[in-house]
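1. Pasting the sequence and the predicted coordinates here, then a few questions.
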Amino acid sequence: MDPNQPVGENYANPRTCFFHVLFKAASLAFYILSALFIDNFVIIFVVTVLLAALDFWVVKNVSGRILVGLRWWNEINDLGESVWKFECLDHESLSRMNKKDSWLFWWTLYLTAIAWIFLAIFSLIRLQADYLLVVGVCLTLSIANIVGFTKCKKDAKKQIQQFASQTIATRFSSTLHKAKFFLLFFTTNSASDFGFTPEKDGDAAVHISPLRCRVVLEKQLSGHRVDRSICAWFWEQAVSLGDSFKQQPVITSHSHYIFQVFRGGITFLGCTQIEMPPLMAIEFLCRVADVLNDYFGALNEDIIKDNFVIVYELLDEMIDNGFPLTTEPSILREIINPPNVVNKALSIVTGSNSNVSDTLPRATASCIPWRTAEPKYSNNEVYVDLVEEMDAIINRDGGLLKCEIYGEVQVNSRISGFPDLTLSFTNPSILDDVRFHPCVRFRPWESHQILSFVPPDGQFKLMSYRVRKLKSTPIYVKPQLISDGGTCRLSVMVGIRNDPGKTIDSVTVQFQLPPFILSADLTSNHGTVTILAKKTCIWSIGRIPKDKAPSMSGLLVIESGLERLHVFPSFQVGFRIMGVALSGLQIDKLDLKNAAAYRFYKGFRALTRAGQFDVRS
């Protein structure tokens, strides 16, 4: 059937309509006319029933499906029970069915049964029991089709009514429950799970096979179940659109809103069928990733596979029927025990796989949801750490393309009762993209750039921030590659560019050799050089000495057929500086309200390390 044909103008399937009528008319005509020309009852019975059976099969399997979009059948399930199945097209396809086709189908279906009923009455009047048997078989086949397709039609009406009610309910619920998740996927898209073409492994044109992108974990968060096919649609779009699609936190499909967060080689997908605040969905997915990272110390596919039970238990506590519930790690730790050797040993001995505590967390009796009720310590102390990561990109000429700091204020609070703390900075104006823990009162920060909060008990992240457009980096890396005659001479120098006043240690330089390099002979005047199996070179320098600049040099052998190096590696630099924040952020003071009631100790530390620090050659 052509869906673009105007409904009701002509028959859309004339050939099907012809055979639909042909076998009905043939069986009736042969039965009526056989009494005039044939005296053998066996021939009349066999031919009439055969034509009626052909009509039954054509209507049930061909014309019913094509003319009215309905189909029914019977099957035996796994338990050996007979099950009747009734199937119909969706409401949009049914609305496009040709009206003349539908009219012919239903009228001939009912008129044939009526004709056989009249013939049965005529056989009763004439007391012809043998001919009544023929009519009974044909009438049974005709009525079976009527009952089956009538139930299919009722099922179609029921589906349309359900669709309408669901649509109305969705529109109504979107005004009341705008923060409801229906589905959460944890999917992996790490390099090991993708199909990379070897000849393009170093290019931007990497072929990604969507069949290799598998769902690691699925969690339905409400009673309305969403099909996993939406995840397949997501991967198809990711393959076709590339990196631009991966950078979109919110994606709209034909029927869903999808939210994605990428952490540790895992894509966290949240899915909903109603409109909701997108920042809430993204924040919840970030909280899930943070909680898993806090519980397991790291986040990757293997960790999630090894701790399936704990991950599911955490999700059950973090969201209730699609609504965010408990997302504070300190409270979750009281509900669900983190994985450790003792808990694993107890589970083996007792045979219990549940990590959920039998008692309610102490925070349930607290007026502050992120803090337990009336904790008590003999020594009241608070320690604040400034942990910063420097992200930088340096071009071939040594120019600084990008240099910024991502930082976190981490607090370890062990104070009795309900302390009210205020933390201030000497230069808060340099901070961008500030993100706070829920305990922070926003108004004091908005008016005076002061952090006022009642801290959770234990260690937590108070805030995160960015400092953009820094002018310089603490160290420099100068790579030089000269290739000719099938070989390449590599030389890399590392030194201190701007002395931060503290020791720079844990310095490493890592790079990937191009795939057409056959061998490499690299040496250094300081540190060690290691070449791994996948042609990954790691130069471990450690602490930069003051009397000389570390350097690494060597010879790379190019495969035959290539004279020069046409793909140049990028160098990833790592370092750590204890006791200094390279962003320039400084803590002014940390005050405790009603400090007279405590013997209060406080301490401050700073740490800067390399994040995505890339040097192009």
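-> Now that the structure is in, tell me what you want to look at.
2. per-residue pLDDT, Leu124?
-> Looking at Leu124, its pLDDT reads 82.
3. now the one 5 residues further on
-> As predicted, Ala129 sits at a pLDDT of 76.
4. same thing with Lys154?
-> For Lys154, the model assigns a pLDDT of 64.
5. Strands of the stretch 401-550 of the chain, residue ranges please.
-> 421-425, 432-436, 440-441, 450-453, 458-467, 475-484, 487-496, 504-512, 517-524, 528-531, 536-542 (DSSP state E, counting those that start in this stretch).
6. Contacts for the second one next, please.
-> With Cβ atoms under 8 Å, 6 or more residues apart in numbering as the contact definition, strand 432-436 has outside contacts at Phe442, Trp445, Leu451, Leu462, Met463, Ser464, Tyr465, Arg466, Val467, Arg468. Every residue, glycine included, has its C-beta placed from N, CA and C.
7. and that strand with strand 458-467, angle?
-> With axes from the mean of the first three to the mean of the last three Cα atoms, to 10 degrees defining the directions, strand 432-436 sits at 160 degrees from strand 458-467.
8. Buried ones in strand 432-436, by neighbour count?
-> Phe436 (16 or more other Cβ atoms under 10 Å).
9. I'd like the average pLDDT over it.
-> pLDDT averaged over strand 432-436 gives 90.
10. sec struct for the most centrally placed residue in the chain, please.
-> Geometric centre of the chain, nearest residue: Leu269, 2.4 Å, by Cα atoms, centre = their mean. State at Leu269, reduced to three classes by DSSP: H, G, I helix; E, B strand; the rest coil: strand.
11. Flag the shaky bits of this structure, pLDDT-wise.
-> Counting by pLDDT under 70, the ranges of the chain that qualify are 1-9, 35, 77-82, 89-96, 154-214, 221-225, 243-246, 340-367, 595-598.
12. for it, longest strand please?
-> Ranked by number of residues, the top strand in the chain under DSSP state E is strand 600-616.
13. Remind me what it packs against, helices and strands.
-> Applying 3 or more Cβ pairs under 8 Å, 6 or more residues apart in numbering; DSSP states H and E, one finds that strand 600-616 contacts strand 380-394, strand 570-578, strand 587-592.
14. In PDB, could you pull the C-alpha coordinates for the last one?
-> What follows is strand 587-592 as a C-alpha-only set of coordinates in PDB (Å, rounded to 0.1, in the frame of the first residue of the first chain):
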ATOM      1  CA  ILE A 587      42.700  31.400  51.600                       C
ATOM      2  CA  ASP A 588      42.300  34.400  53.900                       C
ATOM      3  CA  LYS A 589      40.700  32.800  56.900                       C
ATOM      4  CA  LEU A 590      38.400  30.100  58.200                       C
ATOM      5  CA  ASP A 591      36.100  31.100  61.100                       C
ATOM      6  CA  LEU A 592      33.800  29.000  63.300                       C
END
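15. Measure how it sits relative to strand 421-425, angle-wise.
-> Strand 587-592 runs at 170 degrees relative to strand 421-425, counting by the same axes, to 10 degrees.
16. thought the residue nearest to the centre of the chain was touching Ile258?
-> Yes. Contact status for Leu269 versus Ile258: in contact at 6.1 Å, counting by Cβ atoms under 8 Å.
17. Now the common contact residues for the two.
-> Phe234.
18. thinking again about what came up before, pick out whichever of the contacts of strand 432-436 sits closest to Ile114.
-> Phe442 (77.1 Å; Cβ to Cβ).
19. still on that earlier bit, the longest strand of the chain versus strand 487-496: what angle between them?
-> 150 degrees.
20. Offset the numbering so it begins at 56, please.
-> Sounds good: first residue 56 from here, last item strand 655-671.
21. Tell me who's in contact with the closest residue to Lys590 other than its chain neighbours.
-> Distances taken as Cβ to Cβ, 6 or more residues apart in numbering place Leu568 nearest to Lys590, at 4.0 Å, with adjacent residues excluded. By Cβ under 8 Å, 6+ apart, the residues touching Leu568 are Ala575, Ile586, Lys590, Thr591, Cys592, Leu611, Pro624.
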